[in-house]
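[1] Sequence and predicted model, in that order:
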Amino acid sequence: MKNKNHFVALLITAILLIAVVAFYVRSSVPNQTAQPVVTGTPTSVWEALLESTPYAYFTPLPEPIKSPIDGTYTKLDSSHPQWWKCLRCADYRVAGGIWTLQFDQGVMRVHYEVTGWRSISSDEVIDNRLYLFNDPYCPEHTGEYEWSLVNGELSLETVNDPCSFNLREENFSKQSLVSCDSTEAIGCEDKRDFQTNIIPDNLSVNVNVYGGDSRFFSKPPDVIAHANSDDMPSPEGIQISFADETIDYGLHRVLWWDESGTWIEATIDDSFEAVGVQILGEQTIGWARILFDGEEVWRGNTSAIWSKLGRHGGFIEISGFQPGLHTIRVEALGFDYRPVTVASFGVSRSGTVKP
């Protein structure tokens, strides 16, 4: 009887524990229809950084004294931009796009506009030497540079800086930075328009913009031609060509802001009634325009078309044209210094796609 009572007590205790756990699990599940959507602008990261201050890891914070190099500077790195996603990218790694560097009374702030990467540290200027310390990515190190400021251009020559496996010194000493007080500076102001789609009036064709990956639409394109036709030849009736400056990325091609302009286009024969381009990438992708037979039919911020699970972009489709040879062309506008990842072109023999 004693064992039986003990068993009953254990059973009741287990039931109570299950009930308590179930209650907390139900309480912790978010209301899928009531969760607010948090959005940010490309400037919000920089503005938040301006409100931040360094932490004194191993070295006391310096006195907030204005130095001869205090100010905000930018540089346009001409390397290929970062168009891919990584959960732990190397800090300070050289990458193409706008970099902003600010010195403000003992505080150094740095920001890479394409991905939003940033850091902060203490700085101190003694004669022609700049010292950087209390950087969260290398709190144990102090970087030393010889600086010169001539006609609004700041140059940093490395004396010693092991921060982030020497990537900080490689980045900072690669090229001079231009003061935002100069008319020659690039990227000191946000010049992007956040309107998602701009479709001209009175077009002779129909233009539809769909968010998402067209391969998974309820009615996808009949035929898909991958953008990187060097690795995957195009199906019959579709001819793809692209500028040499575009970057091959698997079956995709990445457009960027090369001075000569980067583009990719597909020419289709008379067996198709609709043609579209699939732009699909990370949140880093930027502004582009689409031309059909030489006429601009769309321009916009490709990352703002649609986003889900870290993927951005959409399918822009042209229809309503007469049978014959036609060319759809994508060009990176370049003024935002961001990449544009083109995944494929999709064509339909009858009708149009349906999301």
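    Sure thing, it's come through.
[2] What separation do you get for the spatially most central residue of the chain and residue 331?
    The residue lying closest to the centre of the chain (CA atoms, centre = their mean) is residue 284, at 1.3 Å. According to CB to CB, to the nearest Å, residue 284 and residue 331 sit 18 Å apart. Using the backbone N, CA and C atoms, a C-beta is placed for each residue, glycine as well.
[3] How about residue 342?
    11 Å.
[4] higher neighbour count, these two?
    Between residue 342 and residue 331, residue 342 has the larger neighbour count (other CB atoms under 10 Å), namely 32 against 20.
[5] quick check: mean pLDDT across whichever strand or helix holds the more buried one?
    Taking DSSP states H and E as the criterion, residue 342 maps to strand 340-348. For strand 340-348, mean pLDDT is 98.
[6] For that strand, name the packing helices and strands.
    strand 223-226, strand 238-242, strand 252-255, strand 263-268, strand 274-281, strand 311-319, strand 326-332 (3 or more CB pairs under 8 Å, 6 or more residues apart in numbering; DSSP states H and E).
[7] Now do the helices in the stretch 51-200 of the chain.
    With DSSP state H, counting those that start in this stretch as the criterion, the stretch 51-200 of the chain has helices at 163-174.
[8] who does the strand holding residue 342 pair up with?
    strand 223-226 (antiparallel), strand 252-255 (antiparallel), strand 274-281 (antiparallel) (DSSP bridges).
[9] Where does the prediction get shaky in the stretch 51-200 of the chain?
    Residues of the stretch 51-200 of the chain meeting the criterion pLDDT under 70: 190-196.
[10] can you rerun that using 90?
    Low-confidence segments of the stretch 51-200 of the chain (pLDDT under 90): 78-89, 113-116, 183-184, 186-197.
[11] cool, the stretch 201-350 of the chain as well?
    Ranges of the stretch 201-350 of the chain meeting pLDDT under 90: 256-261, 334-337.
[12] If we use 70, what do you get?
    Using pLDDT under 70, the stretch 201-350 of the chain drops low at 259-260.
[13] before we move on, the earlier item: for the residue nearest to the centre of the chain, which three-state class applies?
    coil (DSSP: H, G, I helix; E, B strand; the rest coil).
[14] Find the nearest non-adjacent residue to it, please.
    Nearest non-adjacent residue to residue 284, counting by CB to CB, 6 or more residues apart in numbering: residue 114, 5.1 Å away.
[15] Tell me who's in contact with the one you found.
    Listed by CB atoms under 8 Å, 6 or more residues apart in numbering, the contact set of residue 114 reads 81-82, 95-98, 284, 337-339.
[16] if we can go back for a sec, next, format the strands paired with strand 340-348 as CSV and append mean neighbour count.
    Listed next are the strands paired with strand 340-348 as CSV, based on neighbours: other CB atoms under 10 Å:
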stretch, mean neighbour count
strand 223-226, 21
strand 252-255, 26
strand 274-281, 25
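[17] These: which one's closest to residue 322?
    Nearest to residue 322, of all the strands paired with strand 340-348, is strand 274-281, at 12.6 Å by CB to CB.
[18] who does the following helix or strand past the closest one pair up with?
    Counting by DSSP H and E, the element after strand 274-281 in chain order, helix or strand, is strand 287-292. Applying DSSP bridges, strand 287-292 is found paired with strand 295-301 (antiparallel), strand 326-332 (antiparallel).
[19] Among the ones you listed, which comes closest to residue 45?
    strand 295-301 (16.6 Å).
[20] Which positions within stretch 224-241 qualify as buried?
    224-229, 234, 238, 240 (16 or more other CB atoms under 10 Å).
[21] Pipe the residues you listed into CSV and attach distance to residue 301 per row.
    Below are the buried residues of stretch 224-241 laid out as CSV (distance: CB to CB, whole Å):
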residue, distance to residue 301
224, 24
225, 25
226, 24
227, 20
228, 24
229, 26
234, 28
238, 27
240, 24
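[22] Just the closest of the residues you listed to residue 320, please.
    residue 238 (19.2 Å).
[23] so the closest one makes contact with residue 347?
    Yes - Residue 238 is within contact range of residue 347, at 6.5 Å (criterion: CB atoms under 8 Å).
[24] Overlap in contacts, these two.
    223, 225, 268.
[25] CA atoms of stretch 101-110 as CSV?
    The C-alpha trace of stretch 101-110 is given here as CSV (Å, rounded to 0.1, in the frame of the first residue of the first chain):
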residue,chain,number,x,y,z
LEU,A,101,35.3,57.4,-40.3
GLN,A,102,34.7,60.0,-37.6
PHE,A,103,37.0,61.5,-35.0
ASP,A,104,35.2,63.4,-32.3
GLN,A,105,36.9,64.5,-29.1
GLY,A,106,38.6,61.2,-28.3
VAL,A,107,36.0,58.9,-30.0
MET,A,108,36.6,57.1,-33.3
ARG,A,109,33.6,55.7,-35.1
VAL,A,110,33.7,53.7,-38.3
